[in-house]
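A.B. asks: okay, predicted coordinates and the sequence, questions at the end:
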Amino acid sequence: MAHRPRPLTLAGIGAATLVAVLVLGSIAAILTRAEGWGGLRPSDWGAVRFTLWQAALSALLSIALGVPVARALARRRFPGRGLLVTLLGAPFILPVIVAILGLVMVFGRSGWINAALGSLGLPPVSIYGAHGVVLAHVFFNLPLATRLILQGWQEIPAERFRLAANLGLSRGRVFRLIEWPMLRAVLPGAGLVIFLICTTSFAVALALGGGPRATTIELAIYQAFRFDFDLGRAAMLALLQLAVTCAAGLVALRATVPEAAGAGRDRPVRRWDGGAPWGDAAWIGAAALFLLLPLAALAARGAGAVPGLPAAVWAAAGRSVGVALVSALLCVALGMAIAVAAARLGGGRARGVELMGMLGLAASPLVLGTGLFIVTYPVMRPQDAALPVTALVNAAMALPFALRALVPAVARVEGDYGRLADALGLTGWARLRRLVLPRVRRPLGFAAGLAAALSMGDLGVIALFADAEGATLPLQLYRLMAAYRMGDAAGAAILLLGLSLAAFWAFDRGGRVDADA
Amino acid sequence: MLTLEGVVVRQAGWELRADLSVEAGERVAVMGPSGAGKSTLLAAIGGFAALAAGRILWAGARIDGLVPAARPVATIFQDNNLFPHLTAFDNVGLGLAPNRRLRPPERDRVAEMLARVGLEGFEERKPGALSGGQQSRVALARAVLQERPVILLDEPFAALGPALKAEMVGLVRDLAGAAGRTVLMVTHDPGDARALEGRTIPVIAGRAEPPVETAALLSDPPPALAAYLGQVEARGGSDYLQPRPGQERT
């Protein structure tokens, strides 16, 4: 009804405005410092080319490998299959720098692969450089590609395969008539999502790339800050990054992009055309090995090193926990406010408020970081701003995922019980506390867990601001790696992984315990 | 007295017209074919459907501009009458104090009302642990406790079996009668209408007619209602003529 007083709606509009000011304000700050194309070096244009090239190659490889793995998972049933499908969702909350260290321990100079090659008298391979960046991106995005494609396979009605078996269609005909149309619909969207993710890659390029042939724009921004303290050039690079992200994002919006963070359903389709299982088993085995080996290497080296970690690592861990908690609370507070306002406004205005909350998708963390650096550094020392800025940027980055979970949930509660609450006069804060919050506990816990885990593992904006004393755990871990203190690094990685998973588990579990159906 | 003067509610190519009044303390059935506008009539009185024209008055004062919670009306809907995450006690308590904690004397009144609907000992159960009939009793207890002079019931017992439904209608009659409430209850079942022991508002093809004595109406129904009732009788008597999707607005 039209006459309801609306403080909660105003809170939601305020939250959306805050996000918009953060993102657009950062961009405006960048524009004030941008000094024109003249300030850019040839190497900066090289960074643009490398960013696009490695993102395209990473997307292509992830998709090309994801298709056979997804097909194998779609048509086979075996013990542990459910666990494997669940694990394919794990890289989303796996801290990037942890996975990189795991990859180094398998593919690096003194890693397992080179040890094996050496014993056979073969020359060693190196993980550093462009191919290392692509390898790490495939490690992160092969599971995502597999999940998205698997979802496509599972959405094909089982009756079609039954009909195909009934008609005695050959495997080639089944592919052409049933599977190829699905792939043609799913692959472009999946590829674009992965391309988009890889264009904003910072931590991977920082740890494995660098140099003239393996520097992404995000890394170039960081170097302009750290090595040259050239704010004008950093601002120009940030604008380039923004242009790349927005262009790729607009293309992705036009294609039908599948749900990236959704919980994949786990329903194997009964198939009659499987043939011999060896090919499928090989694909599944190879993929599982590729994904699990780095983590196994890390656990083997790092688990014992945790108790003996230096005090600086524990201090960094404490800072990370604090940042993650603040970021998670901020993220769900903004998300709830926006979701409640969207449910009340309805229609186009609801969409507008939601879109403002999603603006974080347009800017990469380092773009926001650059803007916030330009704003804060005249008034405070960067190292003092490091932790608050990191928490804020992380919250803005996790907000789109939180909104994906919360907006439909709040809309459903209002749809089911809004009339009853109106009739009873349940309004304002009491309505939120007694009706909405109890009924959205699950998505709320999930969103908070996701935000906490993403923030815990984030190595991005903190690198711009923090000094040696104020690092978070991912940054501390990177420094240990850069100093080749691999034992301590492995221990810190295990600690970071444990904290990220624990943060996700604690919040997500908190939303599930005693929640009424 | 509840009065609807020249009321028109428009919804996507369809409208309901109502010109009628109901005495304070009366218990009235609302009957008619599916899609004739029974629920819309209650939604207009309860504040969930905006009027295109006309006025609604209670005791001489206009109420049609008020938000639902400000109207002298308690509504029991077809479904979703209880919050599933709250206990029976807390659900009923919302009727007294939606936006704050209950005071000790109020807690006593909630417990007493639950006992009156036969739910002593069920206070701490959540709706999921109650049967359909028990859930209806919780909703009814809250509606009576809300202390609003008018209670609207939009077929809340349609999902119950015949014996349970008759029991609930009897409970509505007795509780509302004792509290002096005015009741409007939508039903498909002539038996329910008779059990209310009052008058009936026939709603036919988008028109809500003034109430007439139920016994007289049922023994000599107007043609459209006769066709509807005949359809019901032909199906074997009393109830279970649930509105189906796609059957709306016939």
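C.D. replies: On my side now, so go ahead.

A.B. asks: centroid residue for the chain?
C.D. replies: Using chain A. Nearest residue to the geometric centre of chain A (Cα atoms, centre = their mean): residue A:92, 5.1 Å.

A.B. asks: try again with chain B
C.D. replies: Centre-most residue of chain B, counting by Cα atoms, centre = their mean: residue B:153, 1.1 Å.

A.B. asks: pretty sure residue B:16 contacts residue B:4?
C.D. replies: No - counting by Cβ atoms under 8 Å, residue B:4 is not a contact partner of residue B:16; they are 10.3 Å apart. Yep, even glycine has a C-beta here, placed from its N, CA and C like the rest.

A.B. asks: hey, what's in contact with both of those two?
C.D. replies: Jointly contacting residue B:16 and residue B:4 under the rule Cβ atoms under 8 Å, 6 or more residues apart in numbering or on different chains are B:44, B:208.

A.B. asks: residue B:49 belongs to a helix?
C.D. replies: No - judged by DSSP: H, G, I helix; E, B strand; the rest coil, residue B:49 forms no part of a helix; its state is coil.

A.B. asks: excluding chain neighbours, give the residue nearest to it in space.
C.D. replies: Nearest residue to residue B:49, sequence neighbours excluded (Cβ to Cβ, 6 or more residues apart in numbering or on different chains): residue B:43, at 3.9 Å.

A.B. asks: next: residue A:479.
C.D. replies: In space, residue A:479 is closest to residue A:471, 6.9 Å off (Cβ to Cβ, 6+ apart).

A.B. asks: what about that neighbour, neighbour count?
C.D. replies: By other Cβ atoms under 10 Å in any protein chain shown, the residues close to residue A:471 number 24.

A.B. asks: give me phi/psi at it?
C.D. replies: phi -70, psi 150 (degrees, to the nearest 10).

A.B. asks: hang on, it packs against residue A:316?
C.D. replies: Yes - counting by Cβ under 8 Å, residue A:471 does reach residue A:316; the two are 5.1 Å apart.

A.B. asks: coming back round to it: would you mind measuring from the residue nearest to residue B:49 to residue B:6?
C.D. replies: 17 Å (Cβ to Cβ, to the nearest Å).

A.B. asks: who has more neighbours, those two?
C.D. replies: Using other Cβ under 10 Å, the more surrounded residue of residue B:43 and residue B:6 is residue B:43, with 22 against 11.

A.B. asks: you'd agree the more buried one is in a helix?
C.D. replies: Yes - checked against three-state DSSP, residue B:43 lies within a helix.

A.B. asks: related to what we said a few turns ago, for the spatially closest residue to the residue nearest to the centre of chain B that is not a sequence neighbour, what are phi and psi?
C.D. replies: Nearest in space to residue B:153, with sequence neighbours left out and distances taken as Cβ to Cβ, 6+ apart, is residue B:185 at 4.1 Å. Main-chain dihedrals, residue B:185, degrees, to the nearest 10: phi -130, psi 120.

A.B. asks: and residue B:185, what is it in contact with?
C.D. replies: For residue B:185, the contacting residues are B:27-30, B:152-153, B:169, B:172, B:192, B:196, by Cβ under 8 Å, 6+ apart.

A.B. asks: repeat that for residue A:399.
C.D. replies: A:19, A:331, A:334-335, A:357-358, A:360, A:451.

A.B. asks: just send these back as a markdown table, with neighbour count too.
C.D. replies: Shown next, in a markdown table, are those (neighbours: other Cβ atoms under 10 Å in any protein chain shown):
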| residue | neighbour count |
| --- | --- |
| A:19 | 20 |
| A:331 | 30 |
| A:334 | 26 |
| A:335 | 30 |
| A:357 | 30 |
| A:358 | 18 |
| A:360 | 24 |
| A:451 | 30 |
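
A.B. asks: number of residues surrounding residue A:169?
C.D. replies: 18.

A.B. asks: what about whichever residue of chain B sits closest to chain A, which SS state?
C.D. replies: Shortest chain B-to-chain A distance, computed as Cβ to the nearest Cβ: residue-wise this is residue B:69, at 2.9 Å. What three-state DSSP gives for residue B:69 is helix.

A.B. asks: OK, contacts around it?
C.D. replies: Listed by Cβ under 8 Å, 6+ apart, the contact partners of residue B:69 are A:422-427, B:98.
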